[in-house]
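Participant: predicted coordinates and the sequence they were generated for:
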Amino acid sequence: MEATEANELTELGEGHSLKNRTALTISILAMALAISNLGGSNAMKESTQENILASNAYSFYQAKTIRQTALKIAAADLELQLAREPNMPAAVKELHQKKIDDYKKTVERYESEPDTKEGKKELLARAKAHEHERDHAMRQDPWFDYAEGALQIAIVLLSVSIIGGIPILYWIGSSLGALGALSMVNGYFLFY
């Protein structure tokens, strides 16, 4: 075997090795892209779901506030009626006072219902918890978008490096792929 033939075989082996390494890198980045896509999709779904749940809790809170205000007004009206008509029969006064007490008891119950978790205090806490979860998911989502973009461009550059046999594109694509993978990991864990 002549030296030129050996040299050609060595170059062919190196080229084949680079293509194999590039193909393996593309496979890994494609897998990372799929995981990133899943994370981004889940983050958006969670954000939407938590936003709906927060909105529902705030609506229920507002409904309780409206009912509570209506009962306060009704109790005040009955108290005024009692004050305006001091000669009211005792049985009627007793009924008015019983109704006033019922209204005030319901007003207090609407403020906090620890048993059912449907008092205004509990509803407000629930709404804020849903908002927190929504905000967390919304902070995650852009990182998945960055990851998807970087990984897609990296896969294209790596593919071109195979076709064109341009080693520098392998390194650029690999670096971009690493950035995409880091963005994906940050999307899940929000390190920064």
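Facilitator: Arrived safely.
Participant: what about residue 176, neighbour count?
Facilitator: 21 (other C-beta atoms under 10 Å). Bear in mind the C-beta positions are built from the backbone N, C-alpha and C, glycine included.
Participant: element containing it?
Facilitator: Secondary structure assignment for residue 176, by DSSP states H and E: helix 167-189.
Participant: what does residue 93 give?
Facilitator: Here residue 93 is assigned to helix 90-111, by DSSP H and E.
Participant: which SS class is residue 114?
Facilitator: coil (DSSP: H, G, I helix; E, B strand; the rest coil).
Participant: got the buried residues for the helix holding residue 93?
Facilitator: Residues of helix 90-111 classed as buried: 96, 100, 103, 106-107, 109-110 (neighbour count, 16 or more other C-beta atoms under 10 Å).
Participant: closest to residue 30 among those residues?
Facilitator: Nearest to residue 30 among the buried residues of helix 90-111 is residue 110, at 55.3 Å by C-beta to C-beta.
Participant: which residues does the closest one contact?
Facilitator: Listed by C-beta atoms under 8 Å, 6 or more residues apart in numbering, the contact set of residue 110 reads 64, 67-68, 71, 119-120.
Participant: so how far is the helix holding residue 93 off the chain centroid?
Facilitator: 44 Å (C-alpha atoms, centre = their mean, to the nearest Å).
Participant: okay, and the residue positioned nearest the centre of the chain sits in which element?
Facilitator: For the chain, the residue sitting closest to the mean C-alpha position, by C-alpha atoms, centre = their mean, is residue 137 at 2.3 Å. According to DSSP H and E, residue 137 maps onto helix 120-164.
Participant: just list what that helix packs against, helices and strands only.
Facilitator: When contacts are defined as 3 or more C-beta pairs under 8 Å, 6 or more residues apart in numbering; DSSP states H and E, helix 120-164 sits against helix 3-84, helix 90-111, helix 167-189.
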